[in-house]
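1. One predicted model, sequence on top.
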Amino acid sequence: MTAPHVPRGRQRVRSSLVSASPTIAPAWHAFRPNPALPEPLYHQIFSMLRDRILDGSFAPDTTFPSESEIESQLGVSRITARRALDELAARGLIRRGQGRRSTVAPYRPRTRLQAGVEGMIENNRRMGDLTSVHLLERVNVLAGVEIARQLQLRKGETVERSVRVRSLDGVPFSYAITHLPRRVARMIRAERMSAEPLIELLEQAGIQIGRAEQIISACAATPEVARALQIEPGMALLESERVVYDTEGRPVEAILVLYRPDMYRYAVDLRRTPSAEGPIWQQGSVKPATPDVLSPKVARPRRPQPPGK
């Protein structure tokens with residue numbers, strides 16, 4: 001009995017489907033950078049090695065391939081190999097050692113912070129117990145159009161601008177740009193901004209917080225933000241823009257926070273509730289800022305400019 005004839009075109013389709021099925025990632029030295037691609041060779045190698053680190057192929061604290069090993073195994077120049085390793089080190093993925101040997105950094109965070117959209121002050125307080133803050137900048141600047149509008153000031157009026165990076169277990173996950181009216185900034189000592197959430201410092205200074213307006217969106221990491229968060233430029237970030245008011249309705253803080261989505265997320269608990277027009281979704285209890293054990297994700301780049309100044 002002869003086998004049924006299958007058209008050649010159909011054979012090709014079947015072959016492509018088989019090859020597209022999930023397979024175990026090959027060893028790093030089986031990778032071949034392609035000079036015909038627009039992406040530089042060093043970045044192709046960096047991306048491949050980064051993914052191998054993130055998927056657990058390289059365990060934390062183990063020896064990482066050296067410049068000479070990458071050069072010989074992948075068929076690239078020593079300069080290309082060195083540049084790939086420099087990119088990994090700049091993002092906190094490996095630690096360069098003496099003799100050009102490197103080790104995998106104990107970087108793989110298995111914990112993500114989760115916070116409700118409401119309960120902002122309580123979430124920040126809990127987050128302060130779990131994380132650490134590094135104050136990068138605190139300067140006086142002239143308010144631009146957007147900051148002046150948010151803080152109900154005149155354009156060009158002096159405001160205080162601070163930049164803080166918050167970390168979990170030594171891994172940075174948020175980049176916050178805060179603008180305060182001068183009358184408010186004078187109440188807060190700079191050294192305390194690295195020890196306590198700013199919203200608590202405002203309340204301790206005697207400011208009674210009444211409400212906040214918050215917009216949640218997304219943007220891409222600029223080179224400056226990427227360096228601070230130890231990620232690739234262009235990586236998608238969760239963006240929270242918030243204006244905080246006192247009980248008299250005066251703005252006391254305008255803050256833009258950029259979060260790494262592999263380590264932080266917002267959550268809302270919705271309940272199906274009867275109404276005169278039929279069942280509707282309403283927000284129920286809010287999930288607090290709490291560790292949530294999840295696997296990390298690999299970054300996928302995008303690009304523009306976060307608003308801030």
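-> Done, it's in.

2. got a list of what the spatially most central residue of the chain touches?
-> Centroid-nearest residue in the chain, with CA atoms, centre = their mean: residue 260, separated by 1.6 Å. By CB atoms under 8 Å, 6 or more residues apart in numbering, the residues touching residue 260 are 172, 173, 174, 229, 231, 235, 237, 238. C-beta coordinates here come from the backbone N, C-alpha and C atoms, glycine included.

3. taking those one by one, which sit in strands?
-> Mapping these onto strands (DSSP state E) picks out 172, 173, 174, 237, 238.

4. which among the residues you listed gets closest to residue 151?
-> Of all these, residue 151 sits closest to residue 174, with 21.5 Å by CB to CB.

5. Report the beta-bridge partners for the closest one.
-> Here residue 174 shows beta-bridge partners residue 166, residue 259, assigned using DSSP bridges.

6. how many neighbours does it have?
-> Look at residue 174: counted by other CB atoms under 10 Å, it has 24 neighbours.

7. now swap in residue 69 and tell me
-> When neighbours are defined as other CB under 10 Å, residue 69 has 13 of them.

8. Which secondary structure state does it sit in?
-> Classification of residue 69 by DSSP: H, G, I helix; E, B strand; the rest coil places it in helix.

9. all strands for the stretch 51-200 of the chain, in order.
-> With strands called from DSSP state E, counting those that start in this stretch, the stretch 51-200 of the chain shows them at 63-64, 94-96, 102-104, 111-116, 132-142, 158-168, 171-181.

10. Would you mind checking the average pLDDT for the fourth one?
-> If you average the pLDDT over strand 111-116, you get 50.

11. can you redo the strands of the stretch 51-200 of the chain as CSV with distance to residue 269?
-> Below are the strands of the stretch 51-200 of the chain laid out as CSV (distance: least, CB to CB, whole Å):
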stretch, distance to residue 269
strand 63-64, 42
strand 94-96, 40
strand 102-104, 38
strand 111-116, 8
strand 132-142, 28
strand 158-168, 23
strand 171-181, 23
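
12. what's the closest of these to residue 277?
-> Once these are compared by CB to CB, strand 111-116 is nearest, at 26.3 Å.

13. SS state for residue 38?
-> coil.

14. For burial, what's the neighbour tally of it?
-> 4.

15. quick one on the thing from earlier: tell me the one of the contacts of residue 260 nearest residue 251?
-> Nearest to residue 251 among the contacts of residue 260, with distances taken as CB to CB, is residue 174, at 21.6 Å.

16. Now do the contacts for the closest one.
-> Taking CB under 8 Å, 6+ apart, we find residue 174 in contact with 165, 166, 229, 257, 258, 259, 260, 264.
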